[in-house]
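Engineer: dropping a prediction and its sequence here:
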Amino acid sequence: MSEQLAVSQLQEYKRLLARIKVLETYSITGGLLLSTLCGDDRLQELHGKLRGMKSYMYLNRHELELEQTAHAYLTRYPAGTRAQLAEVKQCVGADPDDDKLLRELEQKIQKVIKARGGEIGGYGLEDILDRISQLQNLESQKKYFLLTLETLTGYNPKYGRILYLQYVDFKEPGDIADELGISLPTLYKWRKLAIKEYAGLIDGVLPIKL
């Protein structure tokens, strides 16, 4: 990556923080902020645990009946709830009890589809999910940016410090020079070399896109 693009990426960090702040304060409903919802990974933890368990360990008796009926009648398991709904609709139970279970399963899938297209506090669920994805992506970019500076500081402390003070702490060149106990010409010389080192670290890595 060229040094000019490296500078552009460094300069974008301030805007990156602003984007994160705006998304974090996105109010969904009842005082619930997007940052709270995004940071709550309890559902992901639960899902991870369930994937390693047999269904009989977390489904109740009636839910097990539904699962067994689905396995008995479905010949394939398409991805996507709408495709799954279409598949279940084609199934006809061999007796009234099985057919009743299939129709219940059909209704449950329809509820999932309706919920996904519904709204929370006036905001569409798809919009909320999109904003969560944006926030997670920006947080990932922030982490990568800081890790790169940390790596640079690890083998060249003065270069890493210069870039950190300017692009993370947003200090003026004069203040940075005073803090490091060097002249402005020396600072500019070291900063140029620091940017070159930074560019070398991220060479071949896609730049941050905001």
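Structural biologist: Happy to help now that I have it. Given the structure is predicted, the values throughout are model-derived calculations rather than measurements. Numbering: from 1, shown residues only.
Engineer: so where do the helices sit in the chain?
Structural biologist: Counting by DSSP state H, the chain has these helices, from start to end: 3-24, 34-39, 42-51, 61-73, 81-89, 96-116, 125-155, 157-167, 173-180, 184-201.
Engineer: make CSV out of these and add mean neighbour count and mean pLDDT.
Structural biologist: All C-beta spots, glycine's among them, are computed from the backbone N, C-alpha and C. Converted to CSV, these look like this (neighbours: other CB atoms under 10 Å; pLDDT from 0 to 100):
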stretch, mean neighbour count, mean pLDDT
helix 3-24, 16, 85
helix 34-39, 16, 52
helix 42-51, 10, 47
helix 61-73, 14, 81
helix 81-89, 16, 78
helix 96-116, 14, 80
helix 125-155, 15, 82
helix 157-167, 19, 94
helix 173-180, 15, 94
helix 184-201, 16, 93
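Engineer: show me this protein divided up by domain.
Structural biologist: With automatic domain parsing as the criterion, the domains of the chain are listed as 3-30+124-201, 42-119.
Engineer: and the end-to-end length of the first one?
Structural biologist: Spelled out, it's domain 3-30+124-201. 11 Å (CA to CA, to the nearest Å).
Engineer: from memory Y73 sits against Q90, does it?
Structural biologist: No: at 9.1 Å, Y73 does not count as touching Q90 under the criterion of CB atoms under 8 Å.
Engineer: I figured C91 was touching L102, is that so?
Structural biologist: Yes: with contact defined as CB under 8 Å, C91 counts as touching L102 (5.1 Å).
Engineer: next, show the common contact partners of the two.
Structural biologist: Residues touching both C91 and L102 (CB atoms under 8 Å, 6 or more residues apart in numbering): Y73.
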